[in-house]
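Chemist: my questions are about this predicted structure, shown below with the sequence.
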Amino acid sequence: MFDKNKILYGFFNDDDFLRISDAIKKAESTTAGEIKISIKEKRTFSQRKKSLFELASEEFHRLGMTNTRDKTGILIYLLLSEKKFYILADEGINSKVDQSVWDSIRDRMARKFSLGHFADGIIEGIGEIGDVLSEHFPIKADDTNELTDRVEFS
């Protein structure tokens, strides 16, 4: 029988998820942006022909990230069984931040992942994303945390 969490706990432990959530909270304390982490262990049968971008886009919509006030949501989507991930930003962010910025962050995260430091790679990526968002989307006086900071599993 397939253990649903077998793949997940090969990469992370419970403390890692707390550290990641804390990193999101810290990064969002200086920006109006919303950062989400979604971890999927493997594709479903119906997803087998979809690109990683399509899967990340579906998750972005499923999590309600298109509903942020200023379209400032950003998702780090991980597909563990294939050891792939994608950084997807909403249109408000993409109007001000070039894709090459996310590609650079992705590459630094990938280097950490290649060393087996998955939580550290995500946490560093969150910090860098938070810095970029703070520069372009500083926190507003009436800012609220529009999305939960917890790590999503699907």
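Modeler: All right, it came through fine.

Chemist: please, which helix or strand holds Lys36?
Modeler: Assigned by DSSP states H and E, Lys36 belongs to strand 34-40.

Chemist: any buried residues in the helix or strand following that strand, and which?
Modeler: Downstream of strand 34-40, the next assigned helix or strand under DSSP H and E is helix 52-62. Within helix 52-62, the residues scored as buried using 16 or more other Cβ atoms under 10 Å are Leu52, Leu55, Ala56, Ser57, Glu59, Phe60. C-beta here means a position set from N, CA and C on the backbone, and glycine is covered the same way.

Chemist: same thing with stretch 29-40?
Modeler: For stretch 29-40, the neighbour count (16+ other Cβ under 10 Å) marks Thr31, Ala32, Gly33, Glu34, Ile35, Lys36, Ile37, Ser38, Ile39, Lys40 as buried.

Chemist: stretch 80-87 now?
Modeler: The neighbour-count check on stretch 80-87 (16+ other Cβ under 10 Å) flags Leu80, Phe85, Tyr86, Ile87 as buried.

Chemist: picking that back up, packing partners for the strand holding Lys36?
Modeler: Packing partners of strand 34-40 (3 or more Cβ pairs under 8 Å, 6 or more residues apart in numbering; DSSP states H and E): helix 14-28, helix 52-62, strand 73-79, helix 118-136, strand 152-153.
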